[in-house]
Each structure stands twice: as C-alpha cells, then as structure tokens.
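S.K.: sequence and predicted structure are below.
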Amino acid sequence: MPSLGSDMEAGILVEWMKQQGEKVSRGDIIAVVETDKGAIEVEVFEDGTLAELLVQPGEKVPVGTPLARITGPKDTASTERRHASAPAPTPAVPMPTVSSVQGAEAAIQPPTVTTLAEGSRATPAARLLASERGIDLALVKGTGPDGSIVRRDIEEAAPRAATVPDLEPMRRAIAAAMSRAKRDIPHYYLGHSFDVSQAVQWLDAYNAAHPPQERLLLGALTLKAVALALKDFPEFNGFYGPDGFVPASAIHIGTAIAMRGGGLAAPAIHNTDTLTLAELMERLRDLIGRVRKGGFRSSEISDPTITVSSLGDRGVDMLLPIIYPPQVAIIGFGSVAPRAWAIEDAVAVRPVLTATLAADHRASDGHRGALLLRRIGGLLDTPEDL
Amino acid sequence: MNREDLRQMILEEISAIAPETDGVAVDDSEDLREALDLDSMDIFNLVVALSQRLGFDIPDADAPRLITLGGGVDYLAGRIAPR
Amino acid sequence: MTVMSYRDAVRGAIREAMQSDPRVFLMGEDVGHYGGCYAVSKGLLEEFGPERIRDTPLSESGFTGAGIGAAMGGLRPIVEIMTCNFSLLALDQIMNNAATIRHMSGGQFNVPVVIRMATGGGRQLGAQHSHSLEGWYAHIPGIRVLAPGTVADAGGMLAPALDDPDPVLIFENALLYNDTADVDWPASVDIDHAAVRREGTDISLITYGGSLGKTLAAADQLAAEGISAEVLDLRVLRPLDEDAILATVARTRRCVIVDEGWQSGSISAEIMARIIEKGFWYLDAPLARVCSKEVPIPYAHHLEEAALPSITGIVEACRAVLGR
C-alpha cells in the first residue's frame, strides 16, 4: 500500500486492474485504492509479471503492506512495497486504526497515533481513545503526572471534537495535514503584485489564433513561470523530513484543485518545467477532469514537490496559503483585475496579478522568497519564452 | 435550431463537464460561475464542447458571453442565424 | 460459618484429608511430637499415629525425595518443609524430580505430592528464615504453586491440591497463621483462579499471600482519600491467571503490584511483562511495584520493617501512579 500523502496511514484496496499472472509494465495501472483523498489508481514501477495478489478487494491495510508480488523479467522478485519508498514521505508513526476495543484481543491492536508535541507524553490508553475519537493529541493539555496526557484528558477533550467523526474522509485528511502544517511549519508570507499586460495580450493573441481546444488559460502560464523560476530556487522545491530539508531532483508542481461541493486535492503535474505550454494546458485539463471524477494516480498524489493554488476565478485579490507538509512552499495567485498602476509619472489601468508565497522558514529565508516572486513576475513579462 | 434547443444543449454540456450540477435550477441571467461553481477551466471546456458540437469556432474573445445562460443562447442564436 | 485461624484451617484441612483418604500422610521436621514448628499439626500425631504423622531427620532433600517416591508409589503425601529458605536443600528433588518425572517418563508416572512450606518475613527471625521464594518456584514448569492469603484458602486449597495428579507447592506466609476469619467449613475453593478481594475503579493492586492484608489495608486508606482501589489476590502463582490480571487492568487502567519477594526477576516482574505484552493499550499510567528491598531480610526490627512492603509504601506508590 503506497503512501499517498504524509498523513495517510492505511488504504482500502478497491479493485485489481490486472489479473494474477498477467504481465505488467512500468506505468501500468494495476489497482485502485480508496484513501481519504478518494479513489486513487496505483501505478506499477517495474516491468514484470504479477505473480501473486496479496491483498483482496475490500481489505484495508496499513501503508507499507505489500499488495502484490511482481516477478521481474530477470526473475528478481520485487513487490509493490517499493512504491512506498518513492519520494513520498512515510508517516511518522504508521499504525493501523482501531475502531473499538472489545476485550483483551482488540486492545492489543495498536491505535493510530496522531502527532504529539516533542517532549510531551501520552499514555497508551489516552492514545487509543484519541485514535478512536479522532482527537489530535497535540491539541490536548495533559493533566496526569508530569503533565502527561491521560485518558481522562481525552474524554474531556471529546465534546469539543465531537464533530470530527462526522466529517468526510477528505475533510479529515485536509484537517490533519493543515493542522500539522500550522503546528510544525514556521511559515513566512510574501506578496508581490505585477502588471501582467504582456502575458494577457500575448494570451489573447495566442487564443485568437487557435481553435478552442488548443487555447490556453492564464493558469498554464503562471504554472510554467513558477516551474522555470524554481530551477534557480531549489530551496523552495523539496521536502522537509527528519533529516531537515532535502531538495527534490525534479519539479513536480502540485495544483490545488477544488472539488465542487467541498474539499480539494493537489496532485502533481510531473516535470512541470519541461512541458510546453500546450502540453501543460492539456495536462491541467486532464488532471482537473480526473480529480473531480476521483480518478487520479498514486504518483500524482504522492509526490508534488511544491504546490500552486489559484483562487483568481473566485475574484479574490490574493490568498495566504498553507504549506502542504512535507513540502516547504506554496504559491498563491489571486485574480487578474484591472488596477490603477503607476508607470513613471503617469497612472495607467493595467491588468494586475498578486502572487503570494508561503514558505517554510526552516528551509529558506524571506530574501530568497522575494527574489523568487520577482523572478516569476519577470518570466510572465516575456510569455513568448515560457 | 430554436432557442430552446440551444438552451438545452448548453445545459447538457455543462452537465457533462460538471455532473454534480445536475438538477440545479439556473435562471437565464445568473452568472454560471457563481450559480454552479464553475471555474475558468469549466468555461474553457464548455467553449470547446459547444464549438465541436455546433461545428464552428467560438472565439476566445466571445467566451465571456457564455457566462450566463441567456447570454449564451443569444450569442449562439446570433451565430447560427446568418447561415 | 465458623470462626477459625489460618493455622486451624490448615490443620482442619489436613485432618479431613487424612480422614477421607487413607493414602494421605504428613511428614516433615517436628510435625509429630512437637506439633509442627508453627503448631499446625498439633494433636494430629495423637489422632492418626506415627505411621501417618511422621517426624523426619533434618534432611529436606531426603524426606522430600521420600515424599516424591511415595507419591509415585501410590500414596498422597503432604510434605511440610519448615520454611521455604530450607527448601533450597530440596530444590534438586522438587525441580529435577517432582517437576520433571511425568514429562520424562512420557506420562507413565505422576507425582501427586503436596509440599507445604512457610514463607515470608516480619518475625525478626533473620535472613535464613525470612525470605519469600515462591516467585522462584513459580518459574518452574511442571508444578503448581499456591499462595493462600485468606483463612478460607488456607483451609480449602489442600483438598484440590491433593487431587491434582502433579506436584503442588503451597506457600503459607507465617505471619498469617494467627489471622482469624469467619469461614464456611468445609471450605471449597479452586486452585486455578485469582480472586478480586475488593472492587475498585481507579487503580488495581495485584498481590498474594502475606501481602494481601497489607494491600487491603492500603486500599482502605486510599478510599479515605477518594481513590478507589481494586485488589486482586493472585492465589495461584503458577499457572498465572492472566485473564484476571488483564481484566482488572482493563477496568482501572493503572496497576501497582505488591510482592514480598525481591523485585529483580520476580513474579511481580513477570506480571508486569504480561501486562505490557497483552494489556499495553489499556494503560493510563506507568506500572509500579512495591517489593522487598533487595537485601537479605535484616534481623533488627526497624530494618526489617523498612525492608518489607508496608501499607504506607503501597499507598504512596498508588498516589505516585495517580499523580496525587
């Protein structure tokens, strides 16, 4: 069971897309798993033969559990487990969830342990109850010996968290990731507005010259500008893990996509910097369609190296986004709107876009963040080079 | 093709793009982006779909006319009429 | 109901066993003419005669071995060893013979012997008479180890022990012999299960034998402080009633173990290990123990008192676990 996000602890195998004994090649979709983020297609990273299916449809298994055994072309046995060693972060404490305790047998199944602030303690009974009730231990004040969190603290915390179990799984996943981000990541925020008349004019001309299906949205331009800018700013593109910040070797921009009716996902567009605008537009269109139908792939959801969130369609000037851990930066774009814009001594009306950066101060500093935003603005000034 | 056909066609394409909006009542002057939570990608897809279905190119500059149902019907009716 | 002492209960149980089964006999140092070192067998020589109440030489290995042989030969011997300290002289017989013969003979020979011995300190009898070694014996597969902590158990455990086809060791804490209680007689008890002696909700106190009374007294004091303590009397040290241990810990989520043995490598250590293995997720506090200090039990009264588990020590351990 691949880790499809830092907060994922278990997944349900919904369906095998390949039969036992069938040949598989790298990139094939071999299974569908249900996670908090919805149904996700699991790709295979090896060529070989699907020698043995180890998990049956309907089974819920912890992250890291082998789903199948794949015999390689050179008869080297390998398993789906390798998925989990993709750049995706492994959960800090991968444990299966316990729904209820009935007698001694049930109790020996360990609970899902939510993060606990460093130096604080929680008893096993408190952890189990917190897991059952979906209470984040980091938000509970301990009243036991030496400030430890004991079971009663969870019982008393319960009324406040009573709404938690009613939330949709996706809402829970967002809550967990964003709580972790706000708790663990020292964010700093920068904003920069720029005149995008060059980009808008270029885009209008481009779209006028192309049939509908070949046209571009400004979102494709901003994504490409971010990707190109990141090449010189590696400290914003990667993961912050137990050993500190590790820059990613490629640029996979996660694109925040809102679900109609609530929730969002931010799957990656792989190697964003290497795609032409037309390719990028096609990927974006495909991805948005699939996300809203719940059909994105394991690699897309598990390995974005940075996220871009655009709320311009909703008419807001700017947003102050929250980093999706273990990433270290997120860039937000507001709407392009006509504004009074000073040019030398005169005021002109220009289409203006505000970009914001939220970045992890453990990995980078504001000075570099400012340069990154300026670079993005500069790249949008020469859209023909994107 | 009368106005009601065009109206029906627009609604069908929106429904294909955003199945969740099925059954939501929209009046002719409402901004579809607000009423149905459509974004620029949805409008893009609508322009592509209608262009293909009607067999003519809807210029990008005309896309804003499709953001209300009434405006869309007027626009498409106007484009078909000269033929 | 009959009011009787722990001593009377043991004696009554021996008498009834001897009356009902001619194969039963008692042997040990001073059990006959002297009436038993703790006066348990007083009057039995007169009633049953020297054939069945046999004084033995001061040779634990010799008479314990004779008891094992008699059991294999079809009798139902009750061997009394004056204190468990001296039983180490018979350890070879108990461990290498009594515990193993059924297994090494492929089930051809059972050893239905009962070996009673006094245990525990608190009587200013010095290190050679005051240790608690029942936890050691509980290490040995092939024997059953009983620790009656009440008058009813003292009177009731002998009969099922004699019925057991395998060796049974009964540890009688010498401080209990004068305890009295109003009991049903004849007492009828099992030798398989632990017993909850007091119900509670905040903390479990697990104990046995000579520490049971202290632990119940500590539970009274805790109740006065608003702490509801459950007291589990193990009764049987081998095989341990693991279900009862886990059940009480599941109820209270906190546990203090009271054991007059030394704590290193003790029965209390085994109980803790079982709780951690199978009841970890119940726990709402670290486990704690009250055991004898790790010294040979001193002779001097104040030092001996300081070395043995005390009511105050149990109460303090509970307060610490509860963070009060």
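M.R.: Alright, I've got the coordinates. Residues are numbered from 1 along each chain as shown, chains lettered A, B, ... in the order given.
S.K.: where does A:Ala84 land on pLDDT?
M.R.: A:Ala84 is assigned a predicted lDDT (pLDDT) of 36.
S.K.: same deal with the one 3 residues further on?
M.R.: The predicted local confidence for A:Pro87 comes out at a pLDDT of 38.
S.K.: next: A:Ala92.
M.R.: pLDDT at A:Ala92 comes out at 37.
S.K.: quick check: residues of the stretch 151-300 of chain C near chain A?
M.R.: Residues of the stretch 151-300 of chain C lying close to chain A by Cβ under 8 Å from any Cβ of the partner chain are C:243, C:246-247, C:250, C:253, C:278-285. Every residue, glycine included, has its C-beta placed from N, CA and C.
S.K.: hmm, which of those are the buried ones?
M.R.: Buried by 16 or more other Cβ atoms under 10 Å in any protein chain shown: C:Leu246, C:Ala247, C:Ala250, C:Arg253, C:Lys278, C:Gly279, C:Phe280, C:Trp281, C:Tyr282, C:Leu283, C:Asp284, C:Ala285, out of these.
S.K.: how close does C:Asn173 sit to chain B?
M.R.: Distance, C:Asn173 to chain B, by Cβ to the nearest Cβ, to the nearest Å: 76 Å.
S.K.: for the buried ones among the residues of the stretch 151-300 of chain C next to chain A, which one is nearest A:Val42?
M.R.: C:Trp281 (31.3 Å; Cβ to Cβ).
S.K.: how near is the closest one to A:Asp286?
M.R.: Using Cβ to Cβ, to the nearest Å, C:Trp281 is found at 45 Å from A:Asp286.
S.K.: now swap in C:Ala229 and tell me
M.R.: 66 Å.
S.K.: between those two, tell me which one has more neighbours.
M.R.: Remark: of C:Ala229 and A:Asp286, C:Ala229 carries more neighbours, 27 against 12, as counted by other Cβ atoms under 10 Å in any protein chain shown.
S.K.: and C:Gly226, how many neighbours?
M.R.: Neighbourhood size, C:Gly226 [other Cβ under 10 Å]: 8.
S.K.: in chain B, which residue sits closest to chain C?
M.R.: Proximity of chain B to chain C (Cβ to the nearest Cβ) peaks at B:Glu20, 41.5 Å away.
S.K.: quickly find the element holding the nearest residue to that residue once chain neighbours are set aside.
M.R.: Leaving aside its chain neighbours, B:Glu20 sits nearest to A:Arg260 (4.6 Å; criterion: Cβ to Cβ, 6 or more residues apart in numbering or on different chains). Counting by DSSP states H and E, no helix or strand carries A:Arg260.
S.K.: show me what contacts the most centrally placed residue in chain B?
M.R.: Computing the C-alpha centroid of chain B and ranking residues by Cα atoms, centre = their mean puts B:Ile10 first, at 4.2 Å. Shown in contact with B:Ile10 (Cβ atoms under 8 Å, 6 or more residues apart in numbering or on different chains): B:Leu46, B:Leu50, B:Leu66, B:Leu69, B:Gly72, B:Val73, B:Leu76.
S.K.: quick check, it in a helix?
M.R.: Yes: if the criterion is DSSP: H, G, I helix; E, B strand; the rest coil, then B:Ile10 is within a helix.
S.K.: on the three-state scheme, the residue of chain B closest to chain C is what?
M.R.: Under three-state DSSP, B:Glu20 comes out as helix.
S.K.: spatially, what comes nearest to residue 72 if we skip its sequence neighbours?
M.R.: Unless you meant another one, I'm taking chain A. Leaving aside its chain neighbours, A:Gly72 sits nearest to A:Gly48 (4.4 Å; criterion: Cβ to Cβ, 6+ apart).
S.K.: please refer instead to chain B.
M.R.: Distances taken as Cβ to Cβ, 6+ apart place B:Leu66 nearest to B:Gly72, at 4.4 Å, with adjacent residues excluded.
S.K.: need the pLDDT of that neighbour.
M.R.: Looking at B:Leu66, the pLDDT reads 87.
S.K.: list the contacts for whichever residue of chain A sits closest to chain B?
M.R.: Ranked by Cβ to the nearest Cβ, the top residue of chain A for proximity to chain B is A:Asn207, at 3.7 Å. By Cβ under 8 Å, 6+ apart, A:Asn207 lies in contact with A:Arg215, A:Leu216, B:Asp60.
S.K.: restricted to strands, list the residues you listed.
M.R.: If you go by DSSP state E, those have nothing in strands.
S.K.: what's near enough to touch A:Ala220?
M.R.: Contacts for A:Ala220 (Cβ under 8 Å, 6+ apart) come out as A:Leu277, A:Leu280, A:Met281, A:Leu284.
S.K.: how about a cut-off of 10 Å?
M.R.: Contacts for A:Ala220 (Cβ atoms under 10 Å, 6 or more residues apart in numbering or on different chains) come out as A:203, A:269, A:275-285, A:386.
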